[in-house]
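Asks: With the sequence up front, the predicted model follows.
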Amino acid sequence: MNNNDVFILAIESSCDDTSAAVLKNDKVLSNVVANQKIHEEYGGVVPELASRAHQQNIVPVVHQALHRANIDKNKLSAIAFTRGPGLMGSLLVGTSFAKSLSMGLDIPLIDVNHMQAHILAHFIDEPEFPKPEFPFLALTISGGHTQIVLVKDFFDMEVIGETIDDAVGEAFDKSAKVLGLPYPGGPLIDRNAKEGNPKAFEFPIPKVGELNFSFSGLKTSILYFVEKSLEQDPEFIEKNMNDICASIQYTIVEILMKKLRKAVKITGINRIAICGGVSANSGIRNRLKKAEGDYGWTTYIPKFEYTTDNAAMIGIVGYHKFLNKDFTDETATAQARFSL
Ligand code: KG4
Ligand code: ZN
């Protein structure tokens, strides 16, 4: 071990995943994620149940992360935690735990913006995944956000486009619900889409200004389309599941690609990184890879485990803030809304 090595324990609890990670500099030693199954039966995240589950999970998840990293807590250089944005009751659990631990160990505390973390996950050291060169465009697509961000440096980011209503992840999850699929439906649409025809059904591409997105109209048109089709054939969904999923996914990917092309045109930047839970989607991954040949873009697709919510991405922000000596203190409060 080198004396200059930085060991960060990172904690993420913004929504329904309790996660802890240990990083040695920009390398991940462990990244433990406890998913909360409880929300499945409600068809969406129930905030009250999420914070209770975080309370139960946080201690074992942190222990597990330290154990897998094979590091004693006294070796840690700092504690990083998600301050926001997210569900208040969920954020409070991670925030309070991180504060107490940093006070107990007498080491610095680092607050992290969850949206910045989704983007900076690309800077985790992984041999097969090259780090983006600044400036680049980040397409952040998750269950709560849809943004195009101009990333000029680690902590110099500007949102240049965002959704005016639902996030992409919501569009996936709500469409899945219409088809009777359990929550979260995004990964299931992805799985079914692999077996279906993306041109089987046509859904409208919304018209919204500049680099903004809208997904609420798509959700409504899918709902009406399915209701009408069921009137004619009560088994319509079962018979056409794969084709419906492939067509929904194709439309969502088209909407995203259309805005990305526009963003490249406006900014003149053709390095594109996708981030957030929906960047796990195979449709957007494949389409973006294809864009390298089609448009000459350089694209960055994160390692699968750093797409959906995880603490490793909080840890990489913690590491860079540690290098800048950008610390917070025990007065830090969770922020449900927290801009970039
Ligand atoms: O980033 P994330 O884990 O949580 C938020 O911060 O929101 O994103 C979760 C979202 C959910 O809407 C989930 O359905 C979606 O990401 N998602 C996917 C896939 N994997 C996760 N959507 C489409 N295809 C996938 N493979
Ligand atoms: Zn997220």
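Replies: It's in. Ligands and ions are numbered 1, 2, ... in the order given.
Asks: Quick check: phi and psi at the residue of the stretch 51-200 of the chain found nearest ligand 2.
Replies: Of all residues in the stretch 51-200 of the chain, residue 142 sits closest to ligand 2, at 4.3 Å by C-beta to the ion. Just so you know, the C-beta spots here come from the backbone N, C-alpha and C atoms, and that holds for glycine as well. Torsion angles at residue 142 (phi, psi; degrees, to the nearest 10) stand at phi -140, psi -170.
Asks: What about it, how many residues nearby?
Replies: 24 (other C-beta atoms under 10 Å).
Asks: Excluding chain neighbours, what is closest to it?
Replies: Among residues not flanking residue 142 along the chain, residue 276 sits closest, at 3.5 Å (C-beta to C-beta, 6 or more residues apart in numbering).
Asks: ok, the one you found to residue 73 distance?
Replies: Residue 276 is 30 Å from residue 73, where distance means C-beta to C-beta, to the nearest Å.
Asks: between those two, which one's more packed in?
Replies: In this view residue 276 and residue 73 are compared by other C-beta under 10 Å, and residue 276 has more residues nearby, 29 against 16.
Asks: Backbone dihedrals for the more buried one, please?
Replies: Per degrees, to the nearest 10, the backbone of residue 276 is at phi 90, psi 170.
Asks: quick one, what contacts it?
Replies: 118, 140, 141, 142, 145, 169, 307 (C-beta atoms under 8 Å, 6 or more residues apart in numbering).
Asks: Taking those together, which two end up most distant?
Replies: 145 and 307 (13.4 Å; C-beta to C-beta).
Asks: Is the strand or helix carrying residue 32 positioned near ligand 2?
Replies: Here residue 32, judged by DSSP states H and E, is contained in strand 27-35. No. For strand 27-35, no contact with ligand 2 is found by C-beta under 5 Å from the ion; the gap never falls below 11.8 Å.
Asks: following that strand, which helix or strand shows up next?
Replies: Next element after strand 27-35 (DSSP H and E): helix 47-69.
Asks: And for residue 324, the neighbour number?
Replies: Neighbour tally, residue 324, other C-beta under 10 Å: 10.
Asks: cool, residue 91 as well?
Replies: 27.
Asks: Return the distance of it relative to residue 61.
Replies: Residue 91 is 16 Å from residue 61, where distance means C-beta to C-beta.
Asks: Check residue 167 too.
Replies: Using C-beta to C-beta, residue 167 is found at 26 Å from residue 61.
Asks: what's the answer for residue 37, then?
Replies: Distance from residue 37 to residue 61, by C-beta to C-beta: 15 Å.
Asks: which of those two has more neighbours?
Replies: Legend: neighbour count by other C-beta under 10 Å for residue 37 and residue 61, higher for residue 61 (24 against 9).
Asks: just to revisit the earlier point, show me what the strand holding residue 32 pairs with in its sheet, parallel or antiparallel.
Replies: strand 17-24 (antiparallel) (DSSP bridges).
Asks: Output the set of residues of the stretch 51-200 of the chain in proximity to ligand 1.
Replies: Within the stretch 51-200 of the chain, the positions lying close to ligand 1 (C-beta under 6 Å from any ligand atom) are 142, 143, 144, 169, 172, 173, 184, 186, 187, 190.
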